[in-house]
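[1] with the input below, show me the fold.
(chains A and B)
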Number of protein chains: 2
Amino acid sequence: MKKLEKITPQLENFARWYTDVIQNGDLMAYGANKGSIIFKPLSFGIWDNIRLNLDREFKKVGVKNVYLPLLIPESLLQKEKDHLEGFNPELATVTEVGGKKLAEKYYIRPTSETLFADLFKNEIGSYNDLPLIYNQWVNVLRWEKTTNPFLRTREFLWQEGHTMHSNAEEAKKLTEKMLLIYEKFVSEYLAIPVMVGQKTEHEKFSGADFTYTIEAMMKDGKALQAGTSHYLGQNFTKPFDIAFKNQNNVLENAYGTSWGVSTRLLGALIMTHGDDRGIIIPPKIAPIAVDIIEIFANKNPKIHETALLIKSELDKLNIESQIDDSDKGAGFKAANSEIHGTPLRVEIGPRDLDNNQVQLIRRDTLEKKLVSLDNVTNEIQKLLNEIQENLYKEAKKRLYENIVEINNYEEFKNAIELGKWVLCAFEGDGQDETKIKEQTGASTRCMPFELPFIPKNDVCFWTNKKSKRFVIFAKAY
Amino acid sequence: MKKLEKITPQLENFARWYTDVIQNGDLMAYGANKGSIIFKPLSFGIWDNIRLNLDREFKKVGVKNVYLPLLIPESLLQKEKDHLEGFNPELATVTEVGGKKLAEKYYIRPTSETLFADLFKNEIGSYNDLPLIYNQWVNVLRWEKTTNPFLRTREFLWQEGHTMHSNAEEAKKLTEKMLLIYEKFVSEYLAIPVMVGQKTEHEKFSGADFTYTIEAMMKDGKALQAGTSHYLGQNFTKPFDIAFKNQNNVLENAYGTSWGVSTRLLGALIMTHGDDRGIIIPPKIAPIAVDIIEIFANKNPKIHETALLIKSELDKLNIESQIDDSDKGAGFKAANSEIHGTPLRVEIGPRDLDNNQVQLIRRDTLEKKLVSLDNVTNEIQKLLNEIQENLYKEAKKRLYENIVEINNYEEFKNAIELGKWVLCAFEGDGQDETKIKEQTGASTRCMPFELPFIPKNDVCFWTNKKSKRFVIFAKAY
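    Take a look at the predicted model:
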């Protein structure tokens, strides 16, 4: 067991706090492979739970899982130029096998639009074959220059959904439906509130007609794109010649969408809820919801018996728990539970047990509660629900409090400098966005579907034009 | 929807039968990427169920899931020479990114012993840190020259377990324990009986001290290695310098195991149970256990209502079903259900329904049974259990009937030629095994832990030495 190290306080240095908590919380390790990380049992357990729960939601709307190859032949990726250009500098390329040069190069998938297009071409004959709603849970690679565990790694895990439709209307509806599934999932399970909206032309996915996004606010004020859903129109079906016979027996190119969330969600979860003691995992997604901690167990054999009893009761309720019966001290055990983000811990000590009681300690508020053994599982269930709700409520309050309005560029720069999100009228184009980012570090995050408030000022701070197009700007991960 | 094509009978040409059923059964598609396949919803659904159920068994014995990077730096793989040599000709190698040459090459993992070694080195300090029992569900790549869908593809999916122990005894026990989990799983879920045993020195995994295996018999008599568990001893911990302080405070190299099953299991399942009408999926692993087929639904609205009713009853019992309410004919619908291997189908037609009855048709025996609507879900549950048992029983009978004894090399060759497995005394070495394989196509599959019978002849057919070392020879996939 590793020694627990001191965690840099969030306010002192947020980036260092992040690195400290992910390493002390046994979430990841660096390996021999630069720019990629090892997902240790705790972080992979969270990802496994994300997959399990999100996949259940997908299946309710008819999504079918498939698996497509890792490698994309050079000739295939070159068919859609915008798409290729968007990824080209980041493409890891297989050129040889066993020391011998290959006739054709292969790219490790940075995403699989082209591979799915190749599949769809063969699957689709007539409108009867549509829609096709496919998804895969896979690893992808993008050779990023600067990396940050979970947030931006060369290899990451994600799900990528790819669909084909017989008309634009249906495809656009699905683009929205999947985004709303993401919003619901991150709110309910990860306790992360988000702004839901559309990306500007400048920030959309290369190859999409438009991109929808959910944007989360980290504790340092930075935005994190937590999930995206793209309406691809006929951008891939034309170059790949994916056509179906419509009801008038005329060949027509199909309409596509793609959508995904990735292991970035782990970064979002850590930076939304974590505090100076470590990470905090919302109960609904936690691999371990309850730590059962024995204190001075050598003084009373009933302590270990009680731990086992509570665990078996929780097992019956499908609440995952683990017992710490090591010979470490009570303080170490408490800190160890806190640093790993377990939402609730039960402390069983000799004195309380004499009174037929145990202590419950919430990870979020650190509140302690003495409860009777007769009522302990009920209390645990109640508290886990309260923790889940409280984490979401706190994060939502922070999100709404930190979106501000501005009257001019000076105020814009000040707000961004203070780590705020700015909601404002904006009529600039992509070149303007590039300049603003160079000057302030802020990028457009989305044009929200529902405004958190109506800004009083409807004049664009950059072009001075009047506008009803309200955009959120923020620094982002 | 694709037209159903004729399936080559198994006895006419087994290899063509296999290719016919996997394509007609919508299990896979060929893509742009040579040597790899696309897992379509049905085959990926089976793999998903394998993962779900096997993972549950793993967790019961304390296995923790992790995720390690896809790419192995050249310098890391070179640390264990036997291991490297075993895989070198098949290693897909990343040499450039975005057109620029990399300073160091990366191999796409063919397996991850070296990456796990690199992780373990940092995780292990003292005997208190052991055992470590890790597993990952991932894609791996081996650039095979000849490929066959599911059986041997350049990319495949698998789980690979990797463990570290403080003593050889414990590691050896775990090697056996994991093998027995595989045996139980393939028997109970995939209805595939296997011979359980140890590989010869010649056939063991490169880098292992010994390899345990489960070997299944396909309908053409060929063997298929369905899962392996390796005792690695200190073969990786010495070159990688993975050491722990033992109870005497002395540094000692840890002891390792690794074990895995792959998407080859899908090939095993198809070739164990399939018949001339298509594949047959055992109920316990089937993504769809019941096809509910409406016949002449336009003649009576009650037909569709009944289909919905049965589906909702099955939903409650967690039995996955789907309704075919298309306008195709009854014969097409039946053949379509059969070719996709759905274990049981319910046919709802106007005449039966007038008598408050529906037809249940088993996929394995093709037996039909008229049952009352009042009792239909009970009957379905009963029949699904019977189908699961029957598939296993039939396969087990075939396995035991086709293992034979021999008195000399002539008989050996004849038996192999007839597609039998030969159980015989064998004292030859690796070179002898190579010669026998060249001459007959047969390789040693395993030295069974429990002999299916005791061969009367205890003289080795090759060396003429007396021997109690009984080995199974067979042609294999």
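
[2] could you pull out the helices in the stretch 301-450 of chain A for me?
    Along the stretch 301-450 of chain A, counting by DSSP state H, counting those that start in this stretch, helices occupy A:301-316, A:330-339, A:350-354, A:376-401, A:409-417, A:430-440.

[3] so for B:Phe426, which of those helices sits nearest?
    helix A:301-316 (48.8 Å; C-beta to C-beta). Glycine gets a C-beta too; all of them are placed from N, C-alpha and C.

[4] for A:Phe449, give its distance to chain B.
    32 Å (C-beta to the nearest C-beta, to the nearest Å).

[5] can you give me the neighbour number for that residue?
    Number of residues near A:Phe449 (other C-beta atoms under 10 Å in any protein chain shown) recorded here: 14.

[6] wait, isn't it in contact with A:Gln198?
    Yes - look at A:Phe449 against A:Gln198 with C-beta atoms under 8 Å: they come within range, at 7.5 Å.

[7] still on that earlier bit, okay, the helices of the stretch 301-450 of chain A in TSV with mean pLDDT next?
    Below are these laid out as TSV (pLDDT from 0 to 100):
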stretch	mean pLDDT
helix A:301-316	97
helix A:330-339	96
helix A:350-354	95
helix A:376-401	98
helix A:409-417	98
helix A:430-440	98
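
[8] figure out which of these is closest to chain B.
    Evaluated over the helices of the stretch 301-450 of chain A, closeness to chain B peaks at helix A:301-316, with 12.1 Å, by C-beta to the nearest C-beta.

[9] just the residues contacting the closest one, thanks.
    Residues outside helix A:301-316 that contact it (C-beta atoms under 8 Å, 6 or more residues apart in numbering or on different chains): A:289-290, A:292, A:294-297, A:320-323, A:325, A:346, A:348-350, A:353, A:358, A:373, A:376-377, A:380.

[10] can you classify the spatially most central residue of chain A by secondary structure?
    Taking C-alpha atoms, centre = their mean, the centroid of chain A lies closest to A:Leu265, which sits 1.9 Å from it. Here A:Leu265 is recorded as helix under DSSP: H, G, I helix; E, B strand; the rest coil.

[11] quick check, it in contact with A:Val186.
    Yes - counting by C-beta under 8 Å, A:Val186 is a contact partner of A:Leu265 at 7.1 Å.

[12] in strands, which of the contacts of helix A:301-316 fall?
    A:Val290, A:Ile292, A:Glu294, A:Ser321, A:Gln322, A:Ile323, A:Val346, A:Ile348, A:Val358 (DSSP state E).

[13] how many neighbours does the spatially closest residue to the first one that is not a sequence neighbour have?
    With C-beta to C-beta, 6 or more residues apart in numbering or on different chains as the criterion, A:Val290 has its nearest non-adjacent residue at 4.0 Å, and that residue is A:Ser321. One way to gauge burial is a neighbour count; for A:Ser321, by other C-beta under 10 Å, it gives 22.

[14] roughly how far does A:Ser321 sit from B:Ile22?
    Computed with C-beta to C-beta, to the nearest Å, the distance linking A:Ser321 and B:Ile22 is 44 Å.

[15] could you do A:Thr365 as well?
    A:Thr365 is 56 Å from B:Ile22, by C-beta to C-beta.

[16] so who does the residue lying closest to A:Arg264 once chain neighbours are set aside touch?
    Setting aside the residues directly before and after it, A:Arg264 is nearest to A:Leu151 in space (C-beta to C-beta, 6+ apart), at 5.9 Å. Contacts for A:Leu151 (C-beta under 8 Å, 6+ apart) come out as A:Leu224, A:Arg264, A:Gly267, A:Tyr477.

[17] out of those, who's the most crowded?
    Going by other C-beta under 10 Å, A:Gly267 tops these with 25 neighbours.

[18] from what I see, it and A:Leu224 are in contact.
    Yes - A:Gly267 lies in contact with A:Leu224 (C-beta under 8 Å); the separation is 6.8 Å.

[19] touching both of the two, which residues are there?
    By C-beta under 8 Å, 6+ apart, the residues touching both A:Gly267 and A:Leu224 are A:Leu151, A:Tyr477.

[20] A:Asp315: how many residues sit nearby?
    11.

[21] what is the neighbour count of whichever residue of the stretch 201-350 of chain A sits closest to chain B?
    Closest contact between the stretch 201-350 of chain A and chain B, by C-beta to the nearest C-beta, is at A:Thr263 (8.6 Å). For A:Thr263, the count of nearby residues is 24 (other C-beta under 10 Å).

[22] now A:Lys369
    A:Lys369 has 12 neighbouring residues, counting by other C-beta under 10 Å.

[23] repeat that for A:Asn33.
    21.

[24] I figured it was touching B:Glu74, is that so?
    No - under the criterion of C-beta under 8 Å, A:Asn33 is not in contact with B:Glu74, lying 11.3 Å apart.

[25] how many neighbouring residues does A:Arg152 have?
    A:Arg152 - counted by other C-beta under 10 Å - has 16 other residues nearby.

[26] on that earlier part again, can you list the ones in strands among the contacts of helix A:301-316 in TSV and add pLDDT and distance to A:Ser126?
    Shown next, in TSV, are these (pLDDT from 0 to 100; distance: C-beta to C-beta, whole Å):
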residue	pLDDT	distance to A:Ser126
A:Val290	98	54
A:Ile292	98	59
A:Glu294	97	66
A:Ser321	97	54
A:Gln322	97	54
A:Ile323	97	59
A:Val346	98	60
A:Ile348	97	66
A:Val358	98	65
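
[27] and which of these is nearest to A:Cys460?
    Comparing the ones in strands among the contacts of helix A:301-316 against A:Cys460 with C-beta to C-beta picks out A:Val290 as the nearest, at 51.7 Å.

[28] which residues sit in contact with the closest one?
    Residues in contact with A:Val290, defined by C-beta under 8 Å, 6+ apart, are A:Leu314, A:Ile319, A:Glu320, A:Ser321, A:Gln322, A:Thr342, A:Pro343, A:Leu344, A:Arg345, A:Val346, A:Ile380, A:Leu384.

[29] those: which two are farthest apart?
    A:Gln322 and A:Leu384 (15.0 Å).

[30] of the two, who's got more company?
    Each of A:Gln322 and A:Leu384 has its neighbours counted (other C-beta under 10 Å); A:Leu384 has more, 21 against 17.

[31] check contacts around the more buried one.
    Going by C-beta under 8 Å, 6+ apart, A:Leu384 touches A:Pro283, A:Ala289, A:Val290, A:Ile319, A:Pro343, A:Leu344.

[32] list the buried residues of stretch A:52-66.
    Across stretch A:52-66, burial judged by 16 or more other C-beta atoms under 10 Å in any protein chain shown covers A:Asn53, A:Leu54, A:Asp55, A:Glu57, A:Phe58, A:Val63, A:Lys64, A:Asn65, A:Val66.

[33] model confidence over it, on average?
    Mean pLDDT, stretch A:52-66: 97.

[34] can you pull the buried residues of the helix or strand of chain A with the lowest mean pLDDT?
    Using mean pLDDT, DSSP states H and E, helix A:81-87 stands out as the lowest-scoring helix or strand of chain A, at a mean of 79. The neighbour-count check on helix A:81-87 (16+ other C-beta under 10 Å) flags A:His83, A:Leu84, A:Phe87 as buried.

[35] show the pLDDT at whatever residue of the stretch 101-250 of chain A ends up closest to chain B.
    Nearest to chain B, among the residues of the stretch 101-250 of chain A, is A:Trp143, at 4.4 Å (C-beta to the nearest C-beta). We have a pLDDT of 95 for A:Trp143.

[36] contacts only, for it.
    A:Gly35, A:Pro89, A:Glu90, A:Leu91, A:Ala92, A:Arg154, B:Val97, B:Gly98.
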